[in-house]
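A.B. asks: Here is my input, please return the structure:
(chains A and B)
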Amino acid sequence: MRTPIIEYTELFVRGIGDETDVVQKEMYSFPDRKGRSMTLRPEATAGVLRSCIQHKLLRQDEVLKFFTLGPMFRYERPQMGRQRQFHQINVEILGSASHLVDVDMLFMLHRFLSEIGLTGLEYQLNSLGCAACRPAFRAALEDHLRDVDQAGLCEDCRRRMTTNPLRVLDCKVPGCKALTTGAPVITDHNCDACRVHFDAVMDLLGRSRLQVTLNPLLVRGLDYYQRTTFEVVSTDIGAQSSVAGGGRYDGLVKQLGGPDVPGIGFACGLERLAMLAPEQPDPGVDVYIAVHAETLLEKALEIAQVLRGQRFSVEFPYAFRSLKSQMRSANKAGARFALMLDEDGAAQCTVAVKDMRDGEQYVVSEADLPGNLLNRMAGGA
RNA sequence: GUGGGUGUAGCUCAGUAGGUAGAGCACCUGGUUGUGGCCCAGGCGGCCGCGCGUUCAAGUCGCGUCAUCCACCCCA
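C.D. replies: Purely as a prediction, here's the structure:
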């Protein structure tokens, strides 16, 4: 599914939560011609759900799966691994509250990251409870924070104490970290239903090959998460660490005006994946066409078209240069073959072919060229 | 929003006490009178981010501004 990159600001405020950092200081917002506040999407889930609701795609008894991919925007100072416009792959599964979905989704994410060659990632998990049990935990946490020496908390956390105390747990400031050591642990405060759900998730994962780490301090930056949340982290992308993150968001669809359909999803940062992905060697082109005379450039274009029609990748110069220079270009382009066109060959419909790998050179008719090249590529390996 | 670094050739960077610019790579031509990789020679290429100021003179000093990078914060 593709949704617009621009939405009414209201959608994100309602979906993500108006006390989150994303909404408070990271949204790219501006008024449209009618003065309505518009926002370049900081994340994808809200737009996808809005669209599902608007087009009535959701039914109680049906599971829907979506993926989406595209640019996201956050108004913050760019740095290594963090830009104002970046790209995410998102996956959403709607319509099932089963723990099987949570695990299946993590398997899928793991499979994807493994297949593109990423290793050394840590999969962190936590359960944030639900509407029934989170308030009790929040109260317990507030009590704890009231008891500790608040002077040790950073400015942000003193504000968060009342607005969003869970975020204090996730704070990286050493003073705050120290004060959370004796703090209540969220997974100890989950209600029975949440505990059963999360235990089942952890149990299945424990019996799988996917190594995960329980991180009770993992809070995530979006308010809509419930129960299972997760983050995939790496230490190799500068000061950033998160490569992918997500979780369950039962209740969000209803909150946005749709039916009470459970859901879970994750987002994956493409630029960060690119930083971690192993370098791919440049495959090079199949054929580079060099010409002995400027008048043969159009002939080169013609042959290029024919070969491209046979699925060869072909380059040729757009301006005439010395043959030496053209051959250098052929080499630089990683061409397997260089064709060399001259006046005599053009008259007889033949071309000189040079195999750049072993330097062997021969002449073939234009008609035989594609087959000849294919043979050589298959045979010479 | 806060802090720091950097802006000089297409790229990576030098530039010495203020005297209007250099290297390597890349590119082009040639050595090889029509042929890649290595080597050699020559060449092309620069409002020294922008503006104002100091000075006889500013890439160099001062102020401002913009851009960019890194970090905080936060997240993908």
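A.B. asks: how about the spatially closest residue to A:Glu122 that is not a sequence neighbour, what does it touch?
C.D. replies: Leaving out its chain neighbours, the residue that sits closest to A:Glu122 by Cβ to Cβ, 6 or more residues apart in numbering is A:Val233, at 5.1 Å. Heads up, the C-betas are built off the backbone N, CA and C, glycines and all. If you count contacts by Cβ atoms under 8 Å, 6 or more residues apart in numbering, A:Val233 has them with A:121-122, A:124, A:241-243.
A.B. asks: top of these by neighbour count?
C.D. replies: Of all the contacts of A:Val233, the most densely surrounded is A:Val243 (24 neighbours; neighbours counted as other Cβ atoms under 10 Å).
A.B. asks: so who does that one touch?
C.D. replies: Taking Cβ under 8 Å, 6+ apart as the contact definition, A:Val243 lies against A:113, A:118, A:121, A:232-234, A:237, A:268-269, A:272-273, A:276.
A.B. asks: change it to 7 Å
C.D. replies: When the contact criterion is Cβ atoms under 7 Å, 6 or more residues apart in numbering, the partners of A:Val243 are A:121, A:232-234, A:268-269, A:272-273, A:276.
A.B. asks: and what of A:His110?
C.D. replies: A:Leu210.
A.B. asks: For my notes, confirm it occurs in a helix.
C.D. replies: Yes - A:His110 forms part of a helix when assessed by DSSP: H, G, I helix; E, B strand; the rest coil.
A.B. asks: Tell me the pLDDT of it.
C.D. replies: Predicted confidence (pLDDT) at A:His110: the value is 96.
A.B. asks: quick one, phi/psi of whichever residue of the stretch 201-350 of chain A sits closest to RNA strand B?
C.D. replies: Minimum separation of the stretch 201-350 of chain A from RNA strand B (Cβ to the nearest atom of the strand) falls at A:Gly221, amounting to 2.0 Å. Torsion angles at A:Gly221 (phi, psi; degrees, to the nearest 10) stand at phi -90, psi 0.
A.B. asks: ok, now how distant is it from A:Thr39?
C.D. replies: Going from A:Gly221 to A:Thr39 by Cβ to Cβ, to the nearest Å gives 16 Å.
A.B. asks: of those two, who's got more company?
C.D. replies: A:Thr39 (22 against 18).
A.B. asks: What's opposite the more buried one in the beta bridge?
C.D. replies: Legend: beta-bridge partners of A:Thr39 under DSSP bridges are A:Glu7, A:Ser29.
A.B. asks: quick one on the thing from earlier: for the residue of the stretch 201-350 of chain A closest to RNA strand B, which residues are in contact?
C.D. replies: A:20-22.
A.B. asks: Just these: which are in helices?
C.D. replies: Filtering these for membership in helices, criterion DSSP state H, returns A:21-22.
A.B. asks: Keep only the contacts of A:Gly221 that also lie close to RNA strand B.
C.D. replies: Among the contacts of A:Gly221, proximity to RNA strand B is found for A:20-22 (Cβ under 7 Å from any atom of the strand).
A.B. asks: Now that we have those, which of them are buried?
C.D. replies: With neighbours counted using 16 or more other Cβ atoms under 10 Å, those contain these buried positions: A:20-22.
A.B. asks: How about the secondary structure of the closest residue to A:Gly265 other than its chain neighbours?
C.D. replies: Nearest non-adjacent residue to A:Gly265, counting by Cβ to Cβ, 6+ apart: A:Glu92, 3.9 Å away. Each residue gets one of three states, and A:Glu92 gets strand by three-state DSSP.
A.B. asks: Much appreciated, bye for now.
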